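# The amino acid sequence is not available; the structure is as follows:
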Ligand code: SF4
Ligand code: SF4
Ligand code: SF4
C-alpha cells in the first residue's frame, strides 16, 4: 500500500486536460486536409490519387461545370492528395476535431467553370487549369505562339484532328507537342 | 458520396430533433454516467485500438462520465466501428435492438462514417448509416484518442461542433492561380521539387525544395552558391547536406540563373 502511494506521488498526474485545454499533436501530424479553393485548378490529380475516393471530381461536359468534393467521413488522412497537388491547394493540417452530427457537415464542395472547345463546343477542361498551363508554357518558352495558343483551346479530339490536318497541309505546328 | 449518405431536409431535421431529444432524455432520465458499448462491424481493428487508447489514463473519459460496458443492454451510446459487412449486419441490428432507449448511435472512423477504405468492397454495405440513423460521426482512420474524446463530448453536448459543410463557386475569385514557386522557371522548379521529394519523401522534400527555390528566387547564381555552401556547412545531418548538394547540382547543370533553357533542352 505504501509502495503504491509512493508510486502515485512520484508519477503525479498523467491525465491530459483535453478537451478543456488544447492537446499538442506530433510534428507532421496528418489531420484534416484543408482545401484552398482559390488555388485549385480542378485538375483531378487528387481525386485519382485518393485511395478511398474521399475526393471526387465530376465533370459535366454539358453544363460546363467540374464539381470537386471531399468527404471527410471517408478520408483516411494518408496525405496522397497533398503529395500530388501541383499548386498546394490541399494541405493536411493539424485539425482533428472533425466529429459532426450531420453527414453533410463533413463534405466540402467546389464548382469550377470549364472551358468549351473552340472547335466542337464541348466543355473539356477547367478554365483555371488551361490558364495555368498556358502561363507555365509562357514562363518556360518565353512565348506562346498563335498555333499553340489556339490548340490549347481545343479538346483532345479536335486537337488531334487539327494536328493531322495541318500536317497534311505541310503547315508548321503539325506535331502535337509543339 | 454513396446513395445512402443522401438525405432529404426532412430527414435531417428529424435526425437533429432525435439527437437533441436523446441528449435531453439522457440528461434527465438516467442521471448517471453514460455507458458506451462498441460493436466492430468488420473493420481492421485500428479503431478498437484507438478507442481503448482513448480510455487509458492519459485521456480518461471517465472523468467526463463516459464508461465502457460489456453488453448493449447497459449501453446508452452505441459506437459502431468498421464498415457494415454482410455477416455483421444482424449482430449490429441485434445490439441496436438490445440497447434501451434513449440511445445515441455513433459512427466511428472512416469505415463507420461511410465505409472508408473498404467502401467499394464486395461484402460491404457502406457505413453505419446504411442500417440505422446515426447521431454523431467521428471521422478518422482511426480517429486519435483526442478525436475520440472530442466526438464523445460532442455526442453528450459538452462541446460544440466545429466543422461545417462548405460549397465554393467561382464567382468573385480570381481565375488565375499562381504557381507554387513564383518567379522561378517552372521547368527548374519541377526538377528540384521532384528530386527533393524522391530523396526525402513528399513532406520533408517539399520543405527542402521550397527553401532551396527561395534562394534561387532571391539571388544570382553566386549568392545561391554561397548560401547553399553555408547551409551544407551548418547541416548537422550529412544526409541533408547531400540532398542540398544534389539539388544544387541540378541548378548548376540547368544553367543558372533562370535555369530555363538547359532544363527544357533536356526534358
Ligand atoms: S488524405 Fe488521403 S484519403 Fe484523405 S482526401 Fe487526401 S488522398 Fe484522400
Ligand atoms: S490536385 Fe490540387 S489543384 Fe488539382 S484538383 Fe486536386 S486540389 Fe485542385
Ligand atoms: S476507419 Fe480505418 S482504422 Fe478504423 S476500422 Fe476502418 S480502416 Fe481500420
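All right, it came through fine. Everything numeric here is computed off the predicted structure, so don't read it as measured data. Ligands and ions are numbered 1, 2, ... in the order given.
# Okay, the residue most central in space within chain A and chain B: tell me how far apart.
By C-alpha atoms, centre = their mean, chain A has its centre lying nearest to residue A:46, at 4.6 Å. To chain B, residue A:46 is 13 Å away according to C-beta to the nearest C-beta, to the nearest Å. Every C-beta, even on glycine, is put in place using the N, C-alpha and C of the backbone.
# Isn't that residue up against residue A:53?
No - taking contacts as C-beta atoms under 8 Å, residue A:46 lies outside contact range of residue A:53: 10.7 Å.
# neighbours of residue 160, just the number please.
Because you didn't say which chain, this covers chain A. Residue A:160: 12 surrounding residues under other C-beta atoms under 10 Å in any protein chain shown.
# let's do chain B instead
Counted with other C-beta under 10 Å, residue B:160 comes out at 8.
# Show the contacting residues for it.
residue B:154 (C-beta atoms under 8 Å, 6 or more residues apart in numbering or on different chains).
# ok so it is a strand residue?
No - assignment of residue B:160 by DSSP: H, G, I helix; E, B strand; the rest coil gives coil, placing it outside any strand.
# what's the helix or strand for the residue lying farthest from the centre of chain B?
Distance from the C-alpha centroid of chain B, by C-alpha atoms, centre = their mean, peaks at residue B:222 (43.0 Å). Using DSSP states H and E, residue B:222 falls within helix B:221-234.
# Show me what secondary structure element comes after that helix.
Sequence order places helix B:238-253 as the next helix or strand after helix B:221-234, per DSSP H and E.
# quick one: contacts for the residue farthest from the centre of chain B?
So residue B:222 contacts nothing (C-beta under 8 Å, 6+ apart).
# What of the one 3 residues further on?
Listed by C-beta under 8 Å, 6+ apart, the contact partners of residue B:225 are residue B:248.
# can you check the one 3 residues further on too?
Counting by C-beta under 8 Å, 6+ apart, residue B:228 makes contact with B:212, B:215, B:244-245, B:248.
# just for chain A, where's the confidence low?
Within chain A, the ranges that satisfy pLDDT under 70 run A:171-178.
# Validate this expectation: residue B:67 resides in a strand.
Yes - the assignment for residue B:67 is a strand, going by three-state DSSP.
# quick revisit: I'd like the contacts of residue B:228 laid out as a markdown table, including pLDDT.
Converted to a markdown table, these look like this (pLDDT from 0 to 100):
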| residue | pLDDT |
| --- | --- |
| B:212 | 90 |
| B:215 | 88 |
| B:244 | 90 |
| B:245 | 90 |
| B:248 | 90 |
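# From these, list just the buried residues.
Buried members of the contacts of residue B:228, scored by 16 or more other C-beta atoms under 10 Å in any protein chain shown, are B:212, B:215, B:244, B:248.
# for those residues, which one is nearest chain A?
Set against chain A, the nearest of those by C-beta to the nearest C-beta is residue B:212 (16.2 Å).
# So for that closest one, what's the nearest residue that isn't a sequence neighbour?
residue B:247 (5.0 Å; C-beta to C-beta, 6 or more residues apart in numbering or on different chains).
# Count residues in the vicinity of that neighbour, would you?
Neighbours around residue B:247, by other C-beta under 10 Å: 25.
# correct me, but it touches residue B:196?
Yes - taking C-beta under 8 Å as the definition, residue B:247 is a contact partner of residue B:196 at 6.1 Å.
# Common neighbours of the two, please.
By C-beta under 8 Å, 6+ apart, the residues touching both residue B:247 and residue B:196 are B:208-209, B:212.
# which one among the residues you listed gets closest to ligand 2?
Distance to ligand 2, by C-beta to the nearest ligand atom, is smallest for residue B:209 among the shared contacts of residue B:247 and residue B:196, at 17.0 Å.
# can you pull the contacts of that closest one?
B:189, B:192-193, B:196-197, B:247.
# of the residues you listed, list those near ligand 3.
The subset of these lying close to ligand 3, counting by C-beta under 6 Å from any ligand atom, is empty.
# and the gap between the residue in the stretch 151-267 of chain B positioned nearest to ligand 2 and residue A:132?
Using C-beta to the nearest ligand atom, the single residue of the stretch 151-267 of chain B nearest to ligand 2 is residue B:177, 7.7 Å away. As for residue B:177, its distance to residue A:132 is 5 Å (criterion: C-beta to C-beta, to the nearest Å).
# Closest one to ligand 3 out of the contacts of residue B:228, please.
residue B:212 (36.0 Å).
# returning to what we had before: between the contacts of residue B:209, which is closest to residue B:47?
residue B:197 (31.0 Å; C-beta to C-beta).
# you'd agree the closest one is up against residue B:205?
Yes - the pair residue B:197 / residue B:205 is scored as a contact, 3.6 Å apart, by C-beta under 8 Å.
# which residues does residue B:163 contact?
A:32, A:72, A:97-100, A:105-106.
# now do 6 Å
By C-beta atoms under 6 Å, 6 or more residues apart in numbering or on different chains, the residues touching residue B:163 are A:98, A:100, A:105.
# just residue A:99 next, same as before
By C-beta under 6 Å, 6+ apart, the neighbours of residue A:99 are B:136, B:138, B:150-151, B:154.
# and residue B:10, how many neighbours does it have?
Neighbour tally, residue B:10, other C-beta under 10 Å: 8.
# if I've got this straight, it is in a strand?
No - counting by three-state DSSP, residue B:10 is not part of a strand but helix.
# ok, it to residue B:136 distance?
Residue B:10 is 20 Å from residue B:136, by C-beta to C-beta.
# list the helices and strands the helix ranked longest in chain A packs on?
In chain A, taking DSSP state H as the definition, the longest helix is helix A:127-141. Applying 3 or more C-beta pairs under 6 Å, 6 or more residues apart in numbering or on different chains; DSSP states H and E, one finds that helix A:127-141 contacts strand A:107-116, helix B:186-200.
# Strands of chain A, start to end?
A:33-35, A:55-60, A:65-71, A:90-92, A:107-116, A:123-126 (DSSP state E).
# just to revisit the earlier point, output the contacts of residue B:209 as a markdown table; include the columns distance to ligand 2.
Formatted as a markdown table, these follow (distance: C-beta to the nearest ligand atom, whole Å):
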| residue | distance to ligand 2 |
| --- | --- |
| B:189 | 16 |
| B:192 | 19 |
| B:193 | 14 |
| B:196 | 19 |
| B:197 | 15 |
| B:247 | 24 |
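# Ligand 3: which of these is nearest?
residue B:197 (25.9 Å).
# Now do the contacts for the closest one.
residue B:205.
# pLDDT value on it, please?
At residue B:197, the pLDDT value in this model is 91.
# Tell me the spacing between it and residue A:48.
Residue B:197 is 18 Å from residue A:48, by C-beta to C-beta.
# next one: residue B:114
Taking C-beta to C-beta, one finds residue B:114 at 19 Å from residue A:48.
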